[in-house]
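Visitor: generate coordinates for the sequence data below:
(chains A and B)
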Amino acid sequence: MLGLPTVLITLRPAASREMGPPRAISPVGFLLGDCLGPPNQPDLQRRVLRDALRRWEAREEPGNIWELNYPDYQSDPAIVNGGEIVSE
Amino acid sequence: MPMSRRCIPYTPRRHELSETTFALVSTAGVHLRDQEPYDLAGDNSWRLIPGDVQSSQLMVTHEHYNHSHADQDINCVFPIDRLREMAAEGVIGGVGDKHLGFMGYSQKLRDLYERAAPEMAKIIERSQADAVLLTAG
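Guide: Numbering: from 1, shown residues only, chains lettered A, B, ... in the order given. Coordinates of the predicted model:
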């Protein structure tokens, strides 16, 4: 068994890069919790997923994380600290 | 246990996208509503999510990111409905019969690398899937 080809969607590209994922994309500026995009926005979620599948398809050097912009993404002002919750 | 930073493991794809069945593996804390929640203090256990799951059956247990959006729409972190749409349109070959939920917060890294992750990989390798989409919170 050769293993399975994977693709990762990460909102923490620097941290993910440390782990060396062979294929990954990172939507720029998305809050934690919005890995595919905000709730009930299937069109944006589909674009992110489609880009992840393009990255999966691409025959290029492993380890390259595509950092992609989605200009119509609007972060939710109710979510603070980038979506991260730090334990006290 | 240090991860190798020199060698990036790489499995070439053997099929075209339209012929490939994808499984979802997520560290966003996704599980079925009737499955035991993850231990918030740290947990290397996973939850098997059946291929025919309805998105309304899924929930998140995780306290290191704000999952209020995923509580409204699990596709924010676990895009099962989006993946099925892609399969219905013929973009991908199909959606696998097994997916895995995981919390991705653990103090037991050796156990994670040496036991848990290989066991999870084995489950997916033995499923219908021939590729994996990984998501996090």
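
Visitor: in chain A, which spans are strands?
Guide: Assigned by DSSP state E, chain A shows strands spanning A:6-9, A:23-27, A:64-68.

Visitor: gap between residue B:128 and chain A?
Guide: Taking C-beta to the nearest C-beta, to the nearest Å as the measure, residue B:128 falls 11 Å from chain A. Bear in mind the C-beta positions are built from the backbone N, C-alpha and C, glycine included.

Visitor: contacting residues for that residue?
Guide: Counting by C-beta atoms under 8 Å, 6 or more residues apart in numbering or on different chains, residue B:128 touches B:21, B:23, B:51, B:94, B:96-98.

Visitor: low-scoring stretches of chain A, by residue?
Guide: Along chain A, segments meeting pLDDT under 70 span A:1, A:87-88.

Visitor: residue of it nearest chain B, please.
Guide: residue A:39 (3.5 Å; C-beta to the nearest C-beta).

Visitor: what sits against that residue?
Guide: Residue A:39 neighbours (C-beta under 8 Å, 6+ apart): B:69-70, B:72-73, B:75-76.

Visitor: those into a markdown table, with extra columns for secondary structure?
Guide: Output for the contacts of residue A:39, formatted as a markdown table (DSSP: H, G, I helix; E, B strand; the rest coil):
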| residue | secondary structure |
| --- | --- |
| B:69 | helix |
| B:70 | helix |
| B:72 | helix |
| B:73 | coil |
| B:75 | helix |
| B:76 | helix |
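
Visitor: output those residues as JSON lines; include the columns neighbour count and distance to residue B:88.
Guide: Shown next, in JSON lines, are the contacts of residue A:39 (neighbours: other C-beta atoms under 10 Å in any protein chain shown; distance: C-beta to C-beta, whole Å):
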{"residue": "B:69", "neighbour count": "29", "distance to residue B:88": "24"}
{"residue": "B:70", "neighbour count": "27", "distance to residue B:88": "23"}
{"residue": "B:72", "neighbour count": "12", "distance to residue B:88": "23"}
{"residue": "B:73", "neighbour count": "20", "distance to residue B:88": "19"}
{"residue": "B:75", "neighbour count": "25", "distance to residue B:88": "15"}
{"residue": "B:76", "neighbour count": "28", "distance to residue B:88": "21"}
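
Visitor: filter those down to the ones close to chain A.
Guide: For chain A, the contacts drawn from the contacts of residue A:39 by C-beta under 8 Å from any C-beta of the partner chain are B:69-70, B:72-73, B:75-76.

Visitor: what's the closest of the residues you listed to residue A:59?
Guide: residue B:75 (28.4 Å; C-beta to C-beta).

Visitor: please, where are all the helices along chain A?
Guide: A:13-19, A:42-57 (DSSP state H).

Visitor: next one: chain B
Guide: B:68-72, B:80-88, B:109-111, B:117-125.

Visitor: by mean pLDDT, show me the worst of the ones you listed.
Guide: Looking at the helices of chain B, the lowest mean pLDDT belongs to helix B:109-111 (a mean of 91).
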